[in-house]
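Peer 1: Dropping a prediction and its sequence here:
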Amino acid sequence: MDLTPLTSEKETLRQLQQDLVDYGWSLLSTQYKGHQFCHTIGLHWSFQHADLELVGLNEELGTLFLNELAGRVKLGQRYHHLSVIDDMVEDIELLLVHNPLDPEGEPILNGRLRLVYPDSQGRYPWESGCDDDCLVQLLFPDSTLPRREVFEAEGLLLHTDPV
């Protein structure tokens, strides 16, 4: 049985700082109410671009998608509310939105754009009849990382001088 301890906060901070030095961003992936929640850290600081988040896909897909988009930002791509991403998944349009509840409604801002995917019938979570599995994207976690604000600030402010 593998009894490897969970990554300590210090180790996570060290990795975050190294990612910021190496790439200009890092990813955090946690659980929120039993669902995977991934988001970037550093796009704003490194590239003057909103950070990105995703709720509901497994960690492998979530990190794949967010790293791909962050890499595009690093190369100069700029995304905004209602940007359509149609070249990552065949025959599926992904959207970046401020407000996962209703993209035409009052913005819910947390400094990030949310990558949203449709259900198997092509309906987005705010559309009537959307599959239950897809509705998880309506959750609005800010982060499940304890002391997130302090943690991110330490990582961002020290990213040129890794621990």
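Peer 2: All right, it came through fine. Just so it is clear, the model here is predicted, and its values are computed rather than measured.

Peer 1: Now tell me what touches stretch 97-114 from outside.
Peer 2: If you take CB atoms under 8 Å, 6 or more residues apart in numbering as the criterion, stretch 97-114 is touched by 39-40, 44, 50-55, 79-83, 95-96, 116, 125-126, 137-138, 140, 142. Yep, even glycine has a C-beta here, placed from its N, CA and C like the rest.

Peer 1: Put the buried members of those residues into a ChimeraX selection.
Peer 2: Selecting the buried subset of the contacts of stretch 97-114 in ChimeraX, with 16 or more other CB atoms under 10 Å as the burial test, is done by:
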select :39,40,50,51,52,53,54,55,79,95,96,116,125,126,137,138
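
Peer 1: Just the C-alpha atoms of the lengthiest helix in the chain, please, in PDB.
Peer 2: If you go by DSSP state H, the chain has its longest helix at helix 59-74. The C-alpha trace of helix 59-74 is given here as PDB (Å, rounded to 0.1, in the frame of the first residue of the first chain):
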ATOM      1  CA  GLU A  59      -7.600  16.300 -13.700                       C
ATOM      2  CA  GLU A  60      -5.800  15.000 -16.700                       C
ATOM      3  CA  LEU A  61      -8.100  16.700 -19.200                       C
ATOM      4  CA  GLY A  62      -8.400  19.800 -17.100                       C
ATOM      5  CA  THR A  63      -4.700  20.400 -16.900                       C
ATOM      6  CA  LEU A  64      -4.300  19.500 -20.600                       C
ATOM      7  CA  PHE A  65      -6.800  22.100 -21.700                       C
ATOM      8  CA  LEU A  66      -5.600  24.800 -19.300                       C
ATOM      9  CA  ASN A  67      -2.000  24.300 -20.100                       C
ATOM     10  CA  GLU A  68      -2.700  24.400 -23.800                       C
ATOM     11  CA  LEU A  69      -4.600  27.700 -23.500                       C
ATOM     12  CA  ALA A  70      -2.000  29.200 -21.100                       C
ATOM     13  CA  GLY A  71       0.700  28.200 -23.700                       C
ATOM     14  CA  ARG A  72      -1.300  30.100 -26.300                       C
ATOM     15  CA  VAL A  73      -1.500  33.100 -24.000                       C
ATOM     16  CA  LYS A  74       2.300  33.000 -23.600                       C
END
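
Peer 1: All set, thanks.
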